[in-house]
Each structure stands twice: as C-alpha cells, then as structure tokens.
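J.: quick one, structure for this:
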Amino acid sequence: MLLAVTVELLTIAFIEWDNYTGYRQTIVIVIALGIVYGISRTSRVQLAALLTMVIASTGIYFIGWTQPKSVGGGLFDFMILPLWLGSLYLSLGGVTVMIVGSLIAILLFPFLTPQITLNEILVGPFSFLFTTSILLLIITQHRNSLEQDRRAELAEKEKYSRRSAARAEALLRVAERLNAQLDLDALLEALSEEVVLAFDTPVSLVLLFDERENVLRAVAGHGLSSDWIHGMPALPKAAYNQTVEQLGPVFAVADLQALPGTSYLSEFKRLDLRSVAFATMHYERELVGSLNAVTVGQHRDFTEEELLLLHGLADQAALAIINTRLYKDAHRRLEHLQALRAIDVAITSNRDLEETLKVLLAQITKQLQVDAAVILLLDETKGLLEFGTSQGFQTSTLRYTSLRIGQGMAGRAAQQRQTIHIRDLRIDPQTLVNAPSLAREGFISYYAAPLLAQGKVKGVIEIFHRAVLDPDKEWLDFLEAIAGQAAIAIESTTLFEDLQRTNEELSKAYDSTIEGWSHALDLRDKETEGHTLRVTELTLKLAKAFGLSEAELIHMRRGALLHDIGKMGVPDRILLKDGPLTEAEWDIMRQHPVSAHEMLLPIQYLRSAIDIPYCHHEKWDGTGYPRGLKGEEIPLGARIFAIADVWDAVTSDRPYRQAWSRDKALAHIQEGNGKHFDPLVVETFKKLITEKLD
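T.: All right, here's what the predicted structure looks like:
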C-alpha cells in the first residue's frame, strides 16, 4: 500500500494530466488486494488467487475506463500480470476462462469508451494480451505436467518409504521375537506365525536342511496339521539346487496346480495349495533351509516388495536358527562336561562299583536321551560277560545275562573292540540274545560299546531306545567318553578292591607275626605265659572307654602285644634268674623299654605302636623309667596299659605267690593313684572292673 501511494504521488508530480484521479482507483485496488492477502494467509489460497485476478483485472479495466488516455499508453498490457498470477494457483481451465474473459472485456472497451477505437484495441492491447496468453497457457500446461510428474514421483517415493518402513517394522518385530527364543521348536513356531502375519496368507512352511540325508525337510508351519507337516515328503537337495538355479534363491510361483506333477508337489495339489513365495535361508553360504508363504485355493501374485520382505525374514531366521543351534550345542556340551564331572566324582569318592555304575547309567540315559541301558562286566577268570547293573527296563531278563566273548552283539563288541549299532531291531531281531524279551520291551534302536581300560576289555555297555536313533558325531563321541569313564571306574574299583584285599591279607600277616613274637616272649618268660594276651584284651577295653578311634586301637593292640619285646635283649641269666636281681642286673633289666624303642622304630608300620613298649614303665609322679616322664608327658596309651599290666600281674598266679583277690588288687591300684597311675585312668578302670564283675 505504501508502494502504491508512493507511485501515485510521483505520477501526480511528473505527469501533467489535467483532472488526473487514477490514484484513487489504485488506492482502492491496493486496499482490496490487502484484504485478499489476508485471505491468502488461510487455507483458501485458490480463492485468494481468483479474487486477486478479478480485482486486479477489474481495477485495470476501471482505470482505463476513467482514464482513456492510459489505454493508449499500454495500461491494458498489465492485465497479463493477474493472469500470470492466476496461472500459479488455478487449473488450466480456470486460467483459460479468465483469459477469454479478459480478451472479451478488452474487445468491448471501445463500445464503452468512444475515445478509443476498436482498431487501437486490436493493434495494441488485444494482440499483446492474446499472444502472451497463448504463451502463458503453454507454459502453464508444461509447468502443470512437470508438477504432476513431480507429485507422482513424490507419491511413489512416499509409497516406497511407507513400504520400506513397514518392511523394516516387520523385520524388527520378527527379530525381537526370534531373538527371544532359545528353543528351536519354539523359534520355528514363532517364525511360522510371523510369516502368516507379514504376508496375510493362510499357510506358512519352514523347511530345514538335513545334512546327513542331504534333503530339505518340513519341520514347522502354520495353517496345516502337525502330522501333515512331518509326514510331508523331503525335498532332495538336487531338486532344490535345480529349482534355485532356474528361479533364484527367492521366487514366487503363481499357480502350483499348473506345474507338472511330482511326488513332492502331489501333497500340495491335494490340499489345493495355490501360490507360493519361497526364500532360501543361508548362513555364511551354507544352506539352512527355506521359508514359504502359501495361499490355499486362491491365486496371488506376490510383489517384488513382498519377496524382498520374505528374503529379509529368511536372513533373520537363518541367523536365529544358527544361534539357537549354537546355544543348544553349547548347553549340551556343558551338560556333557557336568555329567563327566559327576562320573569323575563318583569314581574318586565312591569305592562301591555298583553305585558308581548306577550314577554312570543315570547320566547316559539323561545326556544321550535314551530309554534304557545296561552294563555287562567281564569276568576274566570265566571269560564271560555278566550283568552288572541296568536302568530303564520293564523286565528283569538281562539280570541273568551271561555271554561268551563273541556271542551276541555285546560279545561281538567286546571281541571286535568297537561300537556296534543296529538302527532297527524290528528288521533283524535275532541278532540279539534275549531278542524276544527285548522285543516285548518295544526297543527299536540298539548300541553296544566296549569298555576298554589300558587296552583291556572290562565289559560292554548296551543302549536301547524305543524309537529310531540317528545320532550325530557328538552323540557318538560322548558315548565313547562315557564308555571310557565306565572302564576307568571298573578298573579303579577292581584295583582298589584288590589293593584292599592285599592290605587286609598283609595286615593279618603282620598281626600274626606280632602275635607269634608275643607268644615267643611268653614262652621264654614262663612266669608271664598268657599274660600278654590278657593284658592286651583289658587294655583295649579300657581304651574304648576313653573313646579312642579304631585306628588308635589297632596301634594300641600291637603295642600291648609287643610291650616286652625289649626283653629279647635281656640275657637269660637275668630274665630267668630264680633269686632277686642285683642292682647291676636291674640296670640291665630297666633298659628293655629302650631296646624296644630301638627295635621297633625302624619298622614303619609299628612306629605308631611304640608308646606302650617304650613308656609302660613310666609313672605318673615321674619316678618311672627309662626317661622319668611325669603326668601327661606319658602317652595315654602307656598310662592305660600300666594299670592293665599291674592288674593282670597281681590277679594272676605266680610260682612264688597266689593271685590276689579283687578287693586287694583294687586297693593296690588305689594306693598307686596319683603316684604310679593317672587318677583319671584309675577312676575309669575301677568303673570298668566293677561293671565287668557285676
């Protein structure tokens, strides 16, 4: 508006027209355009453009009518400006109408204003406006075409972006769900559901590659029964390779019913499965399986976008399946290690062979996931495999098994020293001894593995399962490891039992030798004949009252039997002398505990028995010999033996006196209480003697 006022002021100042009033129309037009501008700030942009064209054109026309001289100066040429402005916002038809209206108004102008002739209009403003309008229509048409193309491109990009976002959202949702699954069956079920949701198909199928049989096998799906899925024929790898070579790793088949009939497609056709979208699952160029979205009874053309989505799902599924398998393998290996550890603990901590074998069979049935197992032990003296222990059997037939080496499958496993496998016992049940009873158990698959330790057969482990077993290498490796552990357990237990038996025999031989020495001493010293066995028995009874352990009692027994072993170093003239000994002879006699110590110390298994032979003449008050020990310096075993020794001496007949009575002997013991004897041992001894006599 300020610009319009400025222009009009300059016009009045420099154009010498009498009675010029055009500035008034200009100001009115500018005000009207200001109102239109206000409308343009709303959502009614096209209305504002139309009003602008009408107001501007009408204003120019009205100025020309009031100021005819301006028409000759080219006023009507400016009518192209509102038309150009309208072309930016109006349709081509709307602009055409405005152009036609403007041209008609110009042609009618001479009839309204006699000062301007028709010829002046045709030569001047009409020809200019007509020509520029034609150009304006051409430009507008071209611009509109470009705009339509641009909008179509933007719409396609937006549509592609929405599809990409939807695909990304679907892939993200599937990834989150698949990554949360650690169980393969649950993962495949979730994958089947996601394929149905993503493609809105009634059926989905998941096939996994079986490397051992070289086929792709249906393992999961949605919209079909589990029996049909698992009963579906396997797709040979060769057929898969041929199909992928022809159609690519991701493809769609519009109508399965139109394909040539094959054994693999016959089931699809029987269920009226029509269109299929197929995507290969690969991981590091290794075939994992395939994903399939399938329609039933309805033809469908899967788009490139859908195939791209299926390809993305297949890549995610392959990674999830591999991760699940790795987790399962790691978990199984951990369980195998824990099982082997449990068996090791059982072997090292348990010397009961039957209990160890039970632990071993429990781990076998759990880790190998089999129904039953039995361990046969080789009796080397008889050359027979005999029942050891079993688990999982309904009958007790195998408890009476006795096979020669080479007899039956177990005997052959022992003879050949290798694992023997029967995949299906129903085909050839006579290969097993006791086959009828095993057939009643319902067993189908069988394994027999020899138990080898240090190159020697220790037995055979037999495994039975009530379904067909197709184990992998890891399963077989674990079976061999378990068989090795079983052989070690048998070998270890056998060696331990042999060693224990040898130790018992050796211990008995030692004890017999000691008893022989003791008897020889009694025979040499006729005064004390039988004394050693009696005092030993009494010493052990008294020691038990003090709660001594079994091992301590064994050493005390040996010490009591050998308490006078040192007298072997005392000459006969002193030991067997009828009269009293001289002081010099007593000095020699008092050295017999020292002689006993010197004799027994070099003997390893008798060192713990030295206390009694070395210290049984020590006294509580320190007046004993040979070292004058006092109080608890004297070993407990020697303190106990001292009372038993004196008691037997005074209560037994001697050539020079009769045996003392119980009361006199107890009085003698009491007299030595705190002097010769330990007071605590005296009290315990008195209770023992009283209970015994009562």
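J.: the stretch 101-250 of the chain: helices as residue ranges?
T.: Counting by DSSP state H, counting those that start in this stretch, the stretch 101-250 of the chain has helices at residues 118-121, 127-179, 184-199, 226-231, 237-247.
J.: tell me which of these is the most buried.
T.: helix 184-199 (a mean of 19; mean count of other C-beta atoms under 10 Å). C-beta: built from backbone N, CA, C; applies to glycine.
J.: what does it rub up against?
T.: 170, 173-174, 177-178, 181, 201-206, 219-223, 277, 291-293, 302, 306, 309-310, 313, 317, 320-321, 324-325, 328 (C-beta atoms under 8 Å, 6 or more residues apart in numbering).
J.: please indicate which of the residues you listed are buried?
T.: Buried members of those, counted by 16 or more other C-beta atoms under 10 Å: 170, 174, 177-178, 181, 201-206, 219-223, 277, 291-293, 302, 306, 309-310, 313, 317, 320-321, 324.
J.: show me which helix or strand of the protein is least confident by mean pLDDT.
T.: Here the helix or strand of the chain ranked lowest by mean pLDDT, DSSP states H and E is helix 2-14, holding a mean of 50.
J.: tell me the contacts of Ile669?
T.: 643, 646-647, 677, 682, 685-686.
J.: err, Leu265, not the other one
T.: Neighbouring residues of Leu265 by C-beta under 8 Å, 6+ apart: 256, 259.
J.: okay, and it sits in which element?
T.: Element membership of Leu265, judged by DSSP states H and E, is helix 263-270.
J.: so that helix versus helix 237-247, what angle?
T.: 70 degrees (axes from the mean of the first three to the mean of the last three C-alpha atoms, to 10 degrees).
J.: how about stretch 69-87: buried residues?
T.: By 16+ other C-beta under 10 Å, the buried positions in stretch 69-87 come out as 70-71, 75-76, 78-80, 82-84, 86-87.
J.: need the contact partners of it.
T.: Contacts of stretch 69-87 (C-beta under 8 Å, 6+ apart): 17, 22, 49-50, 52-54, 56-57, 60-61, 63-64, 67, 94-95, 98-99, 102, 106, 109, 113, 115-116, 120-121, 124-125, 128-129, 132-133, 136, 139-140, 143.
J.: quick check: mean pLDDT of it?
T.: The average pLDDT for stretch 69-87 rounds to 79.
J.: would you mind putting the CA coordinates of that stretch into PDB?
T.: What follows is stretch 69-87, C-alpha atoms only, in PDB (Å, rounded to 0.1, in the frame of the first residue of the first chain):
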ATOM      1  CA  LYS A  69      -5.500   8.100 -22.300                       C
ATOM      2  CA  SER A  70      -3.800   5.400 -20.200                       C
ATOM      3  CA  VAL A  71      -5.100   2.700 -22.500                       C
ATOM      4  CA  GLY A  72      -3.100   4.200 -25.300                       C
ATOM      5  CA  GLY A  73      -0.100   4.300 -23.100                       C
ATOM      6  CA  GLY A  74      -0.300   0.500 -22.600                       C
ATOM      7  CA  LEU A  75      -2.400   0.200 -19.400                       C
ATOM      8  CA  PHE A  76      -4.200  -3.000 -20.600                       C
ATOM      9  CA  ASP A  77      -0.900  -4.700 -21.200                       C
ATOM     10  CA  PHE A  78      -0.600  -5.000 -17.500                       C
ATOM     11  CA  MET A  79      -3.700  -7.300 -17.500                       C
ATOM     12  CA  ILE A  80      -1.200 -10.200 -18.200                       C
ATOM     13  CA  LEU A  81       0.100  -9.900 -14.600                       C
ATOM     14  CA  PRO A  82      -3.100 -11.100 -12.800                       C
ATOM     15  CA  LEU A  83      -3.500 -13.800 -15.500                       C
ATOM     16  CA  TRP A  84       0.100 -14.900 -14.800                       C
ATOM     17  CA  LEU A  85      -0.600 -14.800 -11.100                       C
ATOM     18  CA  GLY A  86      -3.700 -16.900 -11.500                       C
ATOM     19  CA  SER A  87      -1.800 -19.500 -13.600                       C
END
